[in-house]
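# give me a model of this one.
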Amino acid sequence: MVLMNVVYFWKKYFFQLKHHHFFLLLFSAICIISCNKCSQGKARPIVLVTEPEHVNEEVAKLIETQLNDFDTLKVSVIADANLYAIKQVIEFYKKNNFNPIWTDKGKHLRQSDSLIDLIKNSADYGLISNDYHLGQILKLITSEKDSVTKKYDAVKISEVDILLTDALITLAVHVHKGRLNPESFKREWKGEKLDTNIVDVLNDAVKRNAIRTSIDSLEPAGKQYKALKRGLAKFKMEFKDSNWDGLLKSGMDTLTFNERLKQRLIAGHNYFKDPKISDLSNLEKAIKNFQFQHNLTDDGKIGSLTYKALQQTKQDCIWQIEMNMERWRYYDAPNENKFVWINIPKYEMKVIEQDTLVMRSRVIVGNPKMPTPLLKSTIRYFIIYPYWTVPYSIVTKEILPKLKRDTSYLNREHFDVLDRNNKLVDTLVNWNRYKVNFFPFTLRQRIGEDNSLGILKFNFNNKYGVYLHDTNNHKLFSKDLRALSHGCIRLEKSVDFAEYLIRDDSLKYTVDQLQIDLSKPVQKYIYLKRPIPIYVNYFTIEADENNKLFYFMDVYMRDEKMLKELYGK
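Residues are numbered from 1 along each chain as shown. Got it, this is the predicted structure:
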C-alpha cells in the first residue's frame, strides 16, 4: 500500500513529462528503496489509543505478537536494544497472559518506578546501569503519550514493558551468577545456570512490589562479598569530595615529586599530619600507611612496587572493588565449618574454623608464565620427607641445558636418574644426545632438607598436578612479589600446618610423634582422620570487618582482562 501510494503520487505529478525514461528511473529507485526496507524486517506499526480503558488490550496484543516473532528469530531487538533474557522474558509474559507488567491503562505503576530506581543505582551492586536498557527506557517513557493529541502510543508502551522485564531478569541473573565466563573473561549469559526458578521469584516480587528485596536475596551469601559491597559504598561516601590520578615522576625534581606524592596520599586518606614530627617524617608515615593497605613491605620508601600501586586512580579503585564482587558471583563461598583458603594475589594461606582464623601463613605461588590454577579440592594426607619427581617440562627446558654444561649438577643437587622402568641409572650418561622431545629418563630429587619440596608435601586431588609443600629456600618468603614457582604452592609454616592437621588424631598420631619423624630423613605417609577442604582463588581486594579495603597486585593480569571486557579499558 505504501509503495502504491508513492507511485501514484509521482505519476500524478509527472505524467506530463515527455521523457518517460525519467519516470521509469524514478520508479526503479523507489522499488529498490522499498525492497531494502522490506529486507530489514517488519515496518514498525503505529497504534494510537484514545481511551485509557483500551490501552492494556492493545499493549497486550503487541507484546504477544512481538514475543511470538522473537521465538522464531535469532536476534531479539526492541527499540535498538538487544534483549538478553528473551527465553525468560517470554516465559514471564506467558505466566501473565501477555498483559503489560509495568503499566495499567497507560500509566506506570509503582513497580516500574522501583525498578527504574534500582537500575539507576545498579552501581551499588558493582554493576553498570547501561547494561539494563536505562537510556532506551527513559527515552521511550517521555513519548508514550502524544503531547498534542493526548493519545497513548501503545507500541512504545509495549516496548518499554518488554525492556523493563528484560532489564529485571538480566539484573537478577547478573547479581546472582555474574556476567563473565571465569576462564575466558568474555561475557556469558548465565540465565540457564541459576540455582532457582528466576521467573517465579521475580514474578512474585513484582506482584508484591518487593523488587529490591528479591534482588538482594539473589546476591552471593559469602561474607567477603557483603563486606566488599559495604566497602564500595563506604569508599564512594568517604571520597565523594576527593579525586586523584596516577602519580608520575618523570620530569620532576624531588621537591615537586614529594609535594605531588603528599597530595596524592592526602586525597587517598593515607596522610595525617602530626605537628610533632617533620614534614618528611609525616610523608614517610603516610607512605607506610599506603604500603600496609597494598600488602607491601611498609618501609616508607617509594620502590618500584609502591610506585606502581600509586598509579591507581580513584576510578581504578572503584573498578577493582566491582570486579572482585563479580568474582564472588561465580566462585561459591566455602560452606564448610573448617577449610583452607589460599588467595593467590595476597600470597597467603589461611585456615578458617567456625568462622575464626586459626592459622595464617605466607605462600609462594606460580609465576605468571606458569600460574597456580584456581581450584577446590580436599587434603587427605601429607608426606614427610617427600621425593621430588621433576616434571618433564622442567627437566627438558631448565635442567637438561645445565647438565650439558655441567654433569656434576646432578650430584650437587641430589638427583637420581631413573630409566623408563623406574630403575636407577648407574652408568654415565652423555646428556648431549638428548633434547626437549627426546629424554627417556626421569629425574628424582632425593629426600632431605635440601630437597626442593622441603620436608613436607600436602597432597590433594586435582587435574593440574599441583600441591602444597615446604621449601628449601625460606628466604624468598620475605619478598613482596612471591609469584616464583612453577605452579605449586610453597608454604612458609609447613610444620605448623602439619601439626594443625593432626590435632584431631592425638590417639593415633601425636604432635610429639610428628616432631620425631621430622628429625630423621625417612619417608612417611600420614593420612588425616578428618580431611580438610582447600580453596585456591584469586581476589585482588579484600575488606575487613570494618569495611576497610586492602589491595593486592594483579599478578596474573586477570583484573586487566576483566577491565577490558566490562568497561572497555
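# pretty sure residue 177 sits against residue 189.
No. Contact criterion C-beta atoms under 8 Å: residue 177 and residue 189 do not qualify, at 9.6 Å. (Glycine included, C-beta is placed from N, CA and C.)
# of these two, who's got more company?
residue 177 (20 against 15; other C-beta atoms under 10 Å).
# any idea which element residue 100 lies in?
Using DSSP states H and E, residue 100 is not contained in any helix or strand.
# what sits against it?
56, 59-60, 63, 157-158, 161 (C-beta atoms under 8 Å, 6 or more residues apart in numbering).
# one more: residue 187?
Taking C-beta under 8 Å, 6+ apart, one finds 179-181, 565 in contact with residue 187.
# ranking by neighbours, what's the top pick from the residues you listed?
That'd be residue 179 among the contacts of residue 187, by other C-beta under 10 Å, with 23 neighbours.
# how near is it to residue 287?
Distance of residue 179 to residue 287, computed by C-beta to C-beta, to the nearest Å: 36 Å.
# which residues in the stretch 401-550 of the chain form strands?
415-418, 442-445, 456-460, 468-469, 483-485, 489-491, 524-537, 541-543, 549-551 (DSSP state E, counting those that start in this stretch).
# show me what the third one is packed up against.
The contact analysis (3 or more C-beta pairs under 8 Å, 6 or more residues apart in numbering; DSSP states H and E) places strand 456-460 against strand 375-384, strand 468-469, helix 494-501.
# among those, which is the most enclosed?
strand 468-469 (a mean of 25; mean count of other C-beta atoms under 10 Å).
# what average pLDDT does stretch 469-483 get?
Throughout stretch 469-483, pLDDT has a mean value of 97.
# OK, contacts around residue 442?
Going by C-beta under 8 Å, 6+ apart, the list of residues near residue 442 reads 389-390, 395, 417-419, 422.
# if you set the cut-off to 10 Å instead, what comes out?
Counting by C-beta atoms under 10 Å, 6 or more residues apart in numbering, residue 442 touches 389-390, 392, 395, 416-420, 422, 425.
# for residue 298, same thing?
Here residue 298 is in contact with 284-285, 287-292, 306 (criterion: C-beta under 10 Å, 6+ apart).
# mind checking which of these land in helices?
284-285, 287-292, 306 (DSSP state H).
# let's have those in a markdown table, adding neighbour count.
Below are the ones in helices among the contacts of residue 298 laid out as a markdown table (neighbours: other C-beta atoms under 10 Å):
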| residue | neighbour count |
| --- | --- |
| 284 | 16 |
| 285 | 19 |
| 287 | 23 |
| 288 | 18 |
| 289 | 18 |
| 290 | 24 |
| 291 | 22 |
| 292 | 13 |
| 306 | 20 |
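# quick check: the two most widely separated of the residues you listed?
Maximum pairwise distance among the ones in helices among the contacts of residue 298 (C-beta to C-beta): 14.0 Å, between 285 and 306.
# now do the buried residues in stretch 150-166.
Buried residues in stretch 150-166, counted by 16 or more other C-beta atoms under 10 Å: 152-166.
# now stretch 251-259
Buried-residue list, stretch 251-259, by 16+ other C-beta under 10 Å: 257-258.
# quick one: contacts of that stretch?
By C-beta under 10 Å, 6+ apart, stretch 251-259 touches 247-250, 260-261, 279-280, 283, 302.
# could you list the buried residues of whichever strand or helix holds residue 204?
Using DSSP H and E, residue 204 maps to helix 198-207. Within helix 198-207, the residues scored as buried using 16+ other C-beta under 10 Å are 198-199, 201-203, 205-206.
# next structured bit after that helix?
helix 211-217.
# touching that following helix from outside, list them.
In contact with helix 211-217 (C-beta under 10 Å, 6+ apart) are residues 110-112, 114-115, 117-118, 121-122, 124-125, 168, 171-172, 174-176, 196, 198, 201-206, 208, 210, 229.
# please export the C-alpha coordinates of it as CSV.
This file holds the C-alpha atoms of helix 211-217, laid out as CSV (Å, rounded to 0.1, in the frame of the first residue of the first chain):
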residue,chain,number,x,y,z
ILE,A,211,11.8,-6.0,43.7
ARG,A,212,14.8,-4.7,45.6
THR,A,213,14.3,-7.3,48.4
SER,A,214,14.1,-10.0,45.8
ILE,A,215,17.3,-8.9,44.0
ASP,A,216,19.1,-8.6,47.3
SER,A,217,18.1,-12.2,48.1
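# so for that helix, what gets flagged as buried?
211, 214-215.
# got JSON lines for those, with distance to residue 372 and pLDDT too?
Formatted as JSON lines, these follow (distance: C-beta to C-beta, whole Å; pLDDT from 0 to 100):
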{"residue": "211", "distance to residue 372": "41", "pLDDT": "97"}
{"residue": "214", "distance to residue 372": "38", "pLDDT": "97"}
{"residue": "215", "distance to residue 372": "34", "pLDDT": "97"}
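# closest one of those to residue 351?
Closest to residue 351, out of all of the buried residues of helix 211-217 and judged by C-beta to C-beta, is residue 215, at 34.1 Å.
# you'd agree residue 64 is in a helix?
Yes. When DSSP: H, G, I helix; E, B strand; the rest coil is applied, residue 64 is found to be in a helix.
# was I right about residue 85 contacting residue 92?
Yes. Applying C-beta atoms under 10 Å, one finds residue 85 in contact with residue 92, separated by 8.6 Å.
# quick check: neighbours shared by these two?
In contact with both residue 85 and residue 92: 165-166, 168-169, 198-199, using C-beta under 10 Å, 6+ apart.
# how about those in CSV, adding pLDDT and distance to residue 463?
Compiled in CSV, the shared contacts of residue 85 and residue 92 are given as follows (pLDDT from 0 to 100; distance: C-beta to C-beta, whole Å):
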residue, pLDDT, distance to residue 463
165, 98, 41
166, 98, 38
168, 98, 39
169, 98, 35
198, 94, 32
199, 95, 36
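# residue nearest the centroid of the protein?
residue 327 (3.6 Å; C-alpha atoms, centre = their mean).
# helix or strand: which one has it?
helix 314-330.
# after that helix, which helix or strand is next?
Counting by DSSP H and E, what follows helix 314-330 is strand 338-343.
# after that next one, which helix or strand is next?
Heading C-terminal from strand 338-343 (DSSP H and E), you reach strand 348-353.
# given the helix or strand that that next one is followed by, what are its sheet partners and their directions?
Next along the chain after strand 348-353, taking DSSP H and E as the criterion, comes strand 356-366. Here strand 356-366 is paired, per DSSP bridges, with strand 348-353 (antiparallel), strand 483-485 (parallel), strand 489-491 (antiparallel).
# can you say which of the ones you listed is packed in most?
Comparing the strands paired with strand 356-366 by mean count of other C-beta under 10 Å gives strand 489-491 as most buried, with a mean of 23.
# quick one: contacts of that one?
342, 344, 347, 349, 361-366, 372, 452-454, 456-458, 466-474, 476-477, 482, 484, 497-498, 534, 536.
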